[in-house]
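Chemist: structure for this input, please:
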Amino acid sequence: METTAITRKKKGGKTKHPKQPAGTINAWEQDPGSGNQPDGGQLIQEPAPDMSATSLPTAIKNPAKAPAAGVYTPGTAEFRYWAAAASLSRGSAFWSVQLPGISWEVGKTLPVDLDHGSDLNAYYDRVGLRFFHGIVGTRTFYSGESPDVINHEQGHAVLDALKPQLWNAANLEVPAFHESFGDMSAILCAMQVPSLRHGVLAETGGSLYKSSRLSRLAEQLGWAIRQSDPSDVDADCLRNAVNSFFYRPPHTLPTYAPASALSSEPHSFSRVFTSAFFEGMANMFHITTNKDEADLLQVSVDMGKILVAGITAAKVVSAFYSQVAAHMVSAANALFPNIAYGQALKSSFIRHGIISVASSAALAKLKMTAAAAKTMTAAKDKSKDVDRMRLHVAEYDLGMDSILVHGVSEPKSFAIAGATLNVGMVTPQTDDEAAKSFFEDLLRRGRLRVVKNNVAMSPVVRPGLSETHHESHTHELQQEGSEYVLKRVRIDCGPWCGH
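Modeler: Numbers count the residues shown, from 1 in each chain. Sure thing, here's the model as predicted:
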């Protein structure tokens, strides 16, 4: 694991190095699975990590006691602990450099539960990261064993720390972007592993935008889900960052669809932005001087800076994808004026329909200064939520005429939107339309719980809940005096198919 050593000063000017666990450990390079098989992942050895050694520290709370550091055999509890610790430390090391001075929303340290119950699941809930075990046939799978899954969930906490206004925003593109950021986090963190960089360059011949060990996410968990629901995930992984999905306004899509099609469900719709990101990163690598492992590492760091700046600058509006993408292009031009990163990203976002060709003139007028871009990479909006708006919901038979939601009414920076399927750009929904689409989508997917007079009920029940993990709702209507307010309670990544 490549990280920069962190040092602290003692009183009197002497340097104090953070305490490191002694020994070497076994860990997975990226995932325990390989392609369409649940096994075959690459094992690596590295120094035992110190999860407290960055400005974004994590701490494994379950199990409560860390085993002695050592080279343990996969399948043992000791191996799972240190494999997870290595992934968490890698993610913290990468993102703490990208986000200096920013802390977790949950507090100083992000708590981690490696086995929260029986489910093919993982989630982040502003309390910490929760991972699970699931039994398929005679085998038990642990979601917290996979670096892909670990760094995806950690990515939710990172984005929440960077832009907490997204947490409650009632807009279909926002939760999908959260899922995309989780996958982008997994990809960028994986690129910090030297053996993976060498492996993916050999596998792709240097043409990065090909299906590979880097683009395929969570192969083992995908295999486990595929045994009972073969159409819900890709044939060789959970999701693949190399895909041909083209932007469509999510409110025009079905609520559910097989993995081969696009739906409004956040994990499904996330694939549009993730693929544009991955293709843009491949374009960036293509224009490097040597196109070698060192250049690939540098591209991952540069992309992290561009991504953070784009997210920080973007306004929380209904067409959120296009706003982030446009600001990423602008940030790339400002941060790297002598490298054609901006054109590399612009091309990928246009090819996936996130930025329409008809928006090109407006995009050209968006010029972020280098100073502003650098400030964006270390900035955090102090506001915790976007403004509330009233939404009329009498037709849903919830026992109330209206509710308060956190709308997406921030003023746009510029007139840029995604592409239509023929000519021109999409006309974004109004604030009220976007909130109503989001709310009805929650109802259809059984993701809403209503808390009324301290009694909870679900208007639409989801089938097949885990025996030990009964709650799968992501949002609640919570009573505040005479009002009911829509609030998010967790970002639930399982069942990963979204059903």
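
Chemist: in the stretch 101-250 of the chain, which spans are strands?
Modeler: 110-113, 122-124, 129-131, 133-136, 139-142, 216-217, 239-240 (DSSP state E, counting those that start in this stretch).

Chemist: following element in sequence after the last one, please.
Modeler: So the one you mean is strand 239-240. The helix or strand immediately downstream of strand 239-240 is helix 266-286, counting by DSSP states H and E.

Chemist: which strands or helices does that following helix pack on?
Modeler: Helix 266-286 makes packing contacts with helix 173-190, strand 239-240, helix 293-313, helix 320-335, helix 341-351 when contacts are defined by 3 or more CB pairs under 8 Å, 6 or more residues apart in numbering; DSSP states H and E. For every residue, glycine as well, the C-beta is placed using N, CA and C.

Chemist: mean neighbour count and distance to Asp431 for these - can I get that in CSV?
Modeler: Converted to CSV, these look like this (neighbours: other CB atoms under 10 Å; distance: least, CB to CB, whole Å):
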stretch, mean neighbour count, distance to Asp431
helix 173-190, 27, 13
strand 239-240, 24, 30
helix 293-313, 21, 20
helix 320-335, 27, 13
helix 341-351, 22, 24
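
Chemist: how about these, which one is nearest Ile416?
Modeler: Ile416 sits nearest to helix 320-335 of all the helices and strands packed on helix 266-286, at 4.7 Å, using CB to CB.

Chemist: just the CA coordinates of the closest one, formatted as PDB?
Modeler: In PDB, the C-alpha atoms belonging to helix 320-335 read as follows (Å, rounded to 0.1, in the frame of the first residue of the first chain):
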ATOM      1  CA  PHE A 320     -27.100  17.100 -10.700                       C
ATOM      2  CA  TYR A 321     -25.000  14.800 -12.900                       C
ATOM      3  CA  SER A 322     -24.500  17.500 -15.600                       C
ATOM      4  CA  GLN A 323     -23.600  20.100 -13.000                       C
ATOM      5  CA  VAL A 324     -20.900  17.900 -11.400                       C
ATOM      6  CA  ALA A 325     -19.600  16.900 -14.800                       C
ATOM      7  CA  ALA A 326     -19.300  20.400 -16.100                       C
ATOM      8  CA  HIS A 327     -17.500  21.600 -13.000                       C
ATOM      9  CA  MET A 328     -15.100  18.600 -13.300                       C
ATOM     10  CA  VAL A 329     -14.200  19.700 -16.800                       C
ATOM     11  CA  SER A 330     -13.700  23.300 -15.700                       C
ATOM     12  CA  ALA A 331     -11.600  22.200 -12.700                       C
ATOM     13  CA  ALA A 332      -9.400  19.900 -14.900                       C
ATOM     14  CA  ASN A 333      -8.700  22.900 -17.200                       C
ATOM     15  CA  ALA A 334      -7.800  25.100 -14.200                       C
ATOM     16  CA  LEU A 335      -5.800  22.600 -12.100                       C
END
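
Chemist: show me the contact partners of stretch 479-487.
Modeler: The contact list for stretch 479-487 (CB atoms under 8 Å, 6 or more residues apart in numbering) reads 168, 170, 388, 391, 400, 403-406, 439, 450-453, 475-478.

Chemist: thanks a lot, see you next time.
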